[in-house]
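# one predicted model, sequence on top.
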Amino acid sequence: MLENFRRQQLQVNGVTINLRHGGSGPPLLLLHGFPQTHLIWHKVAEKLAQHYTLVMPDLRGYGDSSRPPGEPDHSNYSKRVMAQDMVELMRALGHQSFYLCGHDRGGRVAHRLALDHRNAVSKLMILDISPTRTMYEATDKTFATMYYHWFFMIQPAPVPETLIGNSAAFLLKTTLGNWGSNGTQFIDDAVMADYERCFCRPDAIHAACEDYRAAASIDLEHDRDHDTSKIACPVRVLWGDHGVVGRLFKPLDDWQEKCEKAVTGKALPAGHFIAEQVPELLLADMLEFFGS
């Protein structure tokens, strides 16, 4: 599991960020989502590293990065703060500008990063999400049923933390097996064990809830503050043909509203967890978009 990449922990923006990095070529920052870690990239990393200098961190609150208690307004898990973590991390590694790819929550961090640090991102790829505000404003019974965790995890502490903590491994595996995945057979046993190690602990569960609480509150405020601001760099959007986002939303149209340039993209024959379900297809698209 990514043994050929250097593992490091760096202090940035008041937290410790765990990461692996290596390869050669222009820098490419890869951001994972919930409920996973940087290991989601293990099926594409070796080949990507032949073309790019990869940086694969655990987001604040996830994996082996810091899991600070949430602030009353959830601001320390806002995507603005999480994006600042990543910009400072890349600067610490000597990268002032870089390519960026984010999946799920990592895609939401990537969205904010591209808005707040326009000169830092030269190209942006987003995997299997529509913008947070777009998804909340379109909420109906079907979406609330299929993405129930969005509404469960934002409840005041310690209600979701307590209930998840009673069977965290069950929730983890159920989540990974849903959203068009039809089970968890696409996840290697060793990777699943590490996901479980990182997620099934009280501070990690709390951090994940804070991530979602921020998305339903302060992140929406930040989005409204940027109503007239759009992503300046080229954007590529991929989504799973069998997932919730592709079924209930229009990712290309949704992201086009947030971008200055024409957005390209397509559906892949996958559920939500594209990097582990169809790694070769993702790899080919990344090489085409970022340039090989």
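Alright, I've got the coordinates. Residues are numbered from 1 along each chain as shown.

# what packs against the helix or strand harbouring W239?
Secondary structure assigned from DSSP states H and E places W239 in strand 235-240. Strand 235-240 sits against strand 121-127, helix 244-248, helix 251-256, strand 264-268, helix 274-277, helix 279-290, with contacts defined as 3 or more Cβ pairs under 8 Å, 6 or more residues apart in numbering; DSSP states H and E. Just so you know, the C-beta spots here come from the backbone N, C-alpha and C atoms, and that holds for glycine as well.

# and if we set it to 7 Å?
strand 121-127, helix 244-248, helix 251-256, strand 264-268 (3 or more Cβ pairs under 7 Å, 6 or more residues apart in numbering; DSSP states H and E).

# restricting to C-alpha, output the very next helix or strand once past the first one in PDB.
Which is strand 121-127. Next helix or strand after strand 121-127 toward the C-terminus (DSSP H and E): helix 132-137. Below are the C-alpha coordinates for helix 132-137, written out as PDB (Å, rounded to 0.1, in the frame of the first residue of the first chain):
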ATOM      1  CA  THR A 132     -22.600  21.500  -1.800                       C
ATOM      2  CA  ARG A 133     -25.000  24.400  -2.000                       C
ATOM      3  CA  THR A 134     -26.600  23.000  -5.200                       C
ATOM      4  CA  MET A 135     -27.200  19.600  -3.600                       C
ATOM      5  CA  TYR A 136     -28.700  21.100  -0.400                       C
ATOM      6  CA  GLU A 137     -31.000  23.400  -2.300                       C
END
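
# what is the orientation angle of the strand holding W239 with helix 279-290?
Angle between the axes of strand 235-240 and helix 279-290 is 170 degrees (criterion: axes from the mean of the first three to the mean of the last three Cα atoms, to 10 degrees).

# I'd like to know the average pLDDT value across strand 235-240.
Average pLDDT, strand 235-240: 98.

# buried ones in it?
Under the neighbour-count criterion of 16 or more other Cβ atoms under 10 Å, strand 235-240 has 235-240 buried.

# which residues are in contact with that strand?
For strand 235-240, contacts defined as Cβ atoms under 7 Å, 6 or more residues apart in numbering pick out 124-128, 180, 245-246, 251-252, 255, 259, 261, 263-268, 270-272, 274, 285, 289.

# send me it as PDB with only the CA atoms.
Only the C-alpha atoms of strand 235-240 are listed here, as PDB (Å, rounded to 0.1, in the frame of the first residue of the first chain):
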ATOM      1  CA  VAL A 235     -12.200  21.900 -14.700                       C
ATOM      2  CA  ARG A 236     -12.900  18.200 -15.400                       C
ATOM      3  CA  VAL A 237     -15.800  16.400 -13.700                       C
ATOM      4  CA  LEU A 238     -16.300  12.600 -13.500                       C
ATOM      5  CA  TRP A 239     -19.100  10.800 -11.800                       C
ATOM      6  CA  GLY A 240     -20.300   7.200 -11.300                       C
END
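
# bridged to L124, which residues?
L124 has the following beta-bridge partners by DSSP bridges: L100, V235.
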